[in-house]
Every structure is written in structure tokens, then in C-alpha cells.
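S.K.: sequence isn't available, so here's the structure alone:
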């Protein structure tokens, strides 16, 4: 397995800190609003990584956190009159539902910041005791970046963004402009606060991930985990700061490898709430099936920026349609063994830093050659069983292809039309039983005029959107 390490900026062999195991931590959402396409892209990228490592025989432990205490959440509490738990629980549950629609497997560990406060306090106290962190007059606790000789080695861009971080967390009491908050003391009665030995307040954003990793993973003398992942926008300052505070608190590096997925653009413009073009996942799922979105969002290599537009999405769906048309030819039935060459070709592609383009081309080739073989010999039972197994492996590795094929081709048909179709099909069934073939043919023609194709099978009549 080769992965691209964001720190070394090259592809490197994946050599886990424990043989046969893979520990992954991915930065999850701050739960004050609905998930957007950026969240989906990151989740899908690391879902592919987890699936690939499992297919290669690794025992994978994946963690994805939820930031459930944050200034944006507190603002939502003040605006809505709801409790912090009500707001965060609502958006966490929405997140789970939407990720499930995309076929994203649940993480093994799903920690929340508010459930990790003891670990956060302990790590901050350790840094204070080492004089790597310091308390200022208002009770805030800052990390002293000057005490970390390796600060900047994760992102290689501290100099470019130093002023930005300084402006965000400005105080005359900071030892260095780059110093960042580990703990924010309460500033007024309206604040949501937690008591600690150093002050009553709430954690900074960066410290929660470091503390959670130390809490939930058993590292080694050199590293806490194998892979730390997230969006490219997190590389600095978030991941740089995580690495620094963990390094100083534990005496070893936070992660052996760092992986980052690219940005999402909408029609060529970077997705940003400030630009007013943030595309909520809930809105996309109202229009497009989750599996189609999954296929489309994964069709571009995870490290590249993704330009979301409807024309490309429809093109991607047509490509996915071909897999389901092949699945129609072999359904129903039970699979045998996956074709060894096909399976190995897919694994080789995904082992090359999740090279999805090659993987999809391997699938396209399998579809084309299998259809040719069925055209020559439609009753080839061995080929049918092998094809079913091939499609099952695609679902396991890449997360698509698992739907019942006729149901897949009903995607996009609204419930009212579905009800009308089912009523007409029942009328047709009764007409055929009564040997009223004229009525039966009339109903079939009516369905065809509606853009609905039907097929009579041993299990009854099935239909799809033509």
C-alpha cells in the first residue's frame, strides 16, 4: 500500500506502527449546522482508505470526532434558545443519516469534545507543568510555539499564515505571535463553561483532537497513531498545532503519516459559506440518490480539488448505470468466487494512494468484457456466479453496486408516480389473469408512454425508469 504523506509531499509505503493493524483519526465536523459537500468529500475519502486497508487484510481502527463545544455552537444556543446538547445531538444524528445515505461506514470510535474534557484538562496541565503552555491574566491558556523546535514541520507554511493566526488570537500577553489558545476562559455569564484547575472555560479547537487520540489509541514510543486525516484546509493551523501540542505533551509524534483531501468547488468556485455557495448535503440528497453522489464524489482522486456540477454528475451516473445493467443480467442468483485477476487489479489500483481513476477503468473493462461473453453465451452459469461475486467485491471495496438493480433504475421517480405505476401494474396483472390481453397491452403501452419499461419475471413484474 502506497499513500501520499502530506508532510513529506511524496508517496510512501504504508508501514504501520503495529504489524497488521492500521489506526486512523479523521477530523470530523463542528456540529452547529448541516453537513456540506466538503464534509461528504472528506468522509468518502477516508471511507475508501479504511475499506482498502481492510481489503488488504489490515485490522483497521478508525476514529472520527465531533466538535460539540465551540463559539459557533454557543452562538446557535443564544439565537435558538435551545440547549447545547439539543443542537449538537440534532446535527450529529443528521450527519449520521446523511453519511449512511452516501454509504460511509461508521467509525469505530466517535468521540465528542464534551465527553473528553478530563483528557483535555490533563493534557493542558501537562503542558503547563512543562512550561510549554502558560496562563494569562484572564484565565486563557496558550501554547508557547517558541518551546517547540519542530513547530512548522507539518505544514511547511507557518511563515505565510503567521499573521493570520496572530490576528485570530490576539492578546498583548502572548509570548509569541504564533501562540494559540489551548483553553478559553469564560468572559461573561452567558458563556457555557467547564471548571478546571486553571480556569472555568472551554477547550480550544486544536487541543481536543490531540487529547482524544491519546485517550482512545494506544500508541508506541514514536507515534500515537498511523494516519491522521482531514481536509486540506486543516493542514494549517489545525494539524500543525495538534502535532506541536501532542509532541510536547507526549514526547513522540502524533501521527506517522498525514493525509489530506482536496477542496470542493461548485461550478469552478471554491465552496465557502462566506461566498454564499455552500452546498448542503441534505439539499443534494433531495435531488440525487446517495449512491450516485458517492460514485460521483469519489470519481476524482481524493487529493485533487473537486468541481461539483450537474453535467458531470449525470455523466457519472450513466457510467454507474452500466454496472447496474450488468447486474440486471445476473440477478437473482448467488455468487461464487471473485475473478482473481479482476480483484487483484482493483486492489493494485487502490493500493496506489487510492487511485480511483484506474479502479473505475478496471470496472468499466470488466463490464464490457462480461457483457460480450454473455452476448455470446447468455446461459453461462459459471460466468453469472463470478460476475455476482465481482459486483459484491466492488461494493465491499468501493461502496457502490449493492442496490437491487431494478430499484436502482427507479431512482428519481417520485412517490406519487410510483404509486400510479404500481396501481397500473396490479391492473395489468389482473387483466392477464382474466385473459384480457387487450387491456394488458393497453396498460403496457401507457407505461411506456410515461417512460417506464417493464419486464415480466418468475417473481412478478418489475419496472424501471427507461
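M.R.: That came through, no problem. What you see is a predicted model, and the numbers here were worked out from it, not measured in a lab. Numbers count the residues shown, from 1 in each chain.

S.K.: show me the shaky parts of the stretch 151-300 of the chain.
M.R.: 158-171, 189-190, 270-278 (pLDDT under 70).

S.K.: ok, which stretches of it are strands?
M.R.: 180-185, 194-195, 200-203, 223-231, 253-261, 264-266, 269-270 (DSSP state E, counting those that start in this stretch).

S.K.: between those strands, which gets nearest to residue 420?
M.R.: Nearest to residue 420 among the strands of the stretch 151-300 of the chain is strand 264-266; the distance by C-beta to C-beta comes to 34.9 Å. Every C-beta, even on glycine, is put in place using the N, C-alpha and C of the backbone.

S.K.: so how far is that closest one off the chain centroid?
M.R.: Here strand 264-266 is found 16 Å from its chain centre; the criterion is C-alpha atoms, centre = their mean, to the nearest Å.

S.K.: direction included, what does that strand pair up with?
M.R.: strand 269-270 (antiparallel), strand 306-308 (parallel) (DSSP bridges).

S.K.: what comes into contact with the next helix or strand after the last one?
M.R.: For strand 306-308, the following helix or strand on the C-terminal side (DSSP states H and E) is helix 310-330. Residues outside helix 310-330 that contact it (C-beta atoms under 8 Å, 6 or more residues apart in numbering) are 288, 291-293, 295-296, 299, 360, 363-364, 367, 370-371, 374, 384, 387-388, 391, 394, 400-401, 403, 405-406, 408-409.

S.K.: weed out the non-buried ones from these.
M.R.: 288, 291-293, 295-296, 299, 360, 363, 367, 370, 374, 384, 387-388, 391, 394, 400-401, 403, 405-406, 408-409 (16 or more other C-beta atoms under 10 Å).

S.K.: return the subset of those residues lying in helices.
M.R.: Among those, the members found in helices (DSSP state H) are 291-293, 295-296, 360, 363, 367, 370, 374, 384, 387-388, 391, 394, 405-406, 408.

S.K.: and residue 11, how many neighbours?
M.R.: 12 (other C-beta atoms under 10 Å).

S.K.: contacting residues around the closest residue to residue 370 other than its chain neighbours?
M.R.: Among residues not flanking residue 370 along the chain, residue 387 sits closest, at 5.5 Å (C-beta to C-beta, 6 or more residues apart in numbering). Contacts for residue 387 (C-beta under 8 Å, 6+ apart) come out as 326, 329, 330, 335, 370.

S.K.: how near is residue 387 to residue 445?
M.R.: Plainly put, residue 387 is 33 Å away from residue 445 if you go by C-beta to C-beta, to the nearest Å.

S.K.: residue 259 too?
M.R.: From residue 259 to residue 445 the distance is 55 Å (C-beta to C-beta).

S.K.: please apply the same query to residue 216.
M.R.: Taking C-beta to C-beta, one finds residue 216 at 62 Å from residue 445.

S.K.: can you check residue 432 too?
M.R.: Residue 432 sits at a distance of 15 Å from residue 445 (criterion: C-beta to C-beta).

S.K.: these two - which one has more neighbours?
M.R.: Shown here are residue 432 and residue 445; by other C-beta under 10 Å, residue 432 has more neighbours (16 against 10).

S.K.: you'd agree that one is in a helix?
M.R.: Yes: the assignment for residue 432 is a helix, going by DSSP: H, G, I helix; E, B strand; the rest coil.

S.K.: pretty sure it sits against residue 441.
M.R.: No: in this structure, residue 432 is not within contact of residue 441 by C-beta atoms under 8 Å, at 9.9 Å.

S.K.: measure the closest residue to residue 116 other than its chain neighbours to residue 258 for me?
M.R.: In this structure, residue 116 finds its nearest non-sequential neighbour in residue 212, 5.1 Å apart by C-beta to C-beta, 6+ apart. Noted for residue 212: a distance of 17 Å to residue 258, by C-beta to C-beta.

S.K.: same check on residue 395?
M.R.: 29 Å.

S.K.: quick one: which of the two has more around it?
M.R.: Higher neighbour count among residue 395 and residue 258: residue 258, with 23 against 15, using other C-beta under 10 Å.

S.K.: grab the nearest non-local neighbour of the more buried one.
M.R.: residue 6 (4.3 Å).

S.K.: right, and that neighbour touches residue 235 too?
M.R.: Yes: with contacts counted by C-beta under 8 Å, residue 6 reaches residue 235, the gap being 6.3 Å.

S.K.: now do the shared contacts for these two.
M.R.: Counting by C-beta under 8 Å, 6+ apart, the contacts common to residue 6 and residue 235 are 154, 258, 260.

S.K.: re the thing from before, quick one: the strands paired with strand 264-266 as a markdown table, columns for distance to residue 353 and mean neighbour count too.
M.R.: Formatted as a markdown table, the strands paired with strand 264-266 follow (distance: least, C-beta to C-beta, whole Å; neighbours: other C-beta atoms under 10 Å):
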| stretch | distance to residue 353 | mean neighbour count |
| --- | --- | --- |
| strand 269-270 | 23 | 12 |
| strand 306-308 | 16 | 20 |
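
S.K.: do you know which of these lies nearest residue 417?
M.R.: strand 306-308 (27.3 Å).

S.K.: quick one: residues in contact with the closest one.
M.R.: 37, 41, 262-268, 271, 279, 297, 300.

S.K.: so how far is it off the chain centroid?
M.R.: On C-alpha atoms, centre = their mean, the centre of strand 306-308 falls 15 Å from that of its chain.

S.K.: rounded mean pLDDT for it, please.
M.R.: On average, the pLDDT along strand 306-308 is 93.

S.K.: all strands for the stretch 1-150 of the chain, in order.
M.R.: Along the stretch 1-150 of the chain, counting by DSSP E, counting those that start in this stretch, strands occupy 2-5, 10-13, 21-26, 59-64, 133-135, 141-143.

S.K.: and of those, who's closest to residue 454?
M.R.: Closest of the strands of the stretch 1-150 of the chain to residue 454 is strand 59-64, at 43.1 Å (criterion: C-beta to C-beta).

S.K.: and the closest one, what other elements does it pack with?
M.R.: strand 21-26, helix 37-55, helix 205-216 (3 or more C-beta pairs under 8 Å, 6 or more residues apart in numbering; DSSP states H and E).

S.K.: and it with strand 21-26, angle?
M.R.: 10 degrees (axes from the mean of the first three to the mean of the last three C-alpha atoms, to 10 degrees).

S.K.: what comes up buried for strand 59-64?
M.R.: For strand 59-64, burial by neighbour count (16+ other C-beta under 10 Å) applies to 60, 61, 62, 63, 64.

S.K.: mean confidence score for stretch 335-351?
M.R.: pLDDT averaged over stretch 335-351 gives 97.

S.K.: buried residues in it?
M.R.: The neighbour-count check on stretch 335-351 (16+ other C-beta under 10 Å) flags 335, 336, 338, 339, 342, 343, 345, 346, 347, 349, 350, 351 as buried.

S.K.: out of the residues you listed, which one sits closest to residue 46?
M.R.: residue 350 (13.2 Å).

S.K.: for that closest one, what are its contacts?
M.R.: Residue 350 touches 48, 52, 55, 356, 359, 397, counting by C-beta under 8 Å, 6+ apart.
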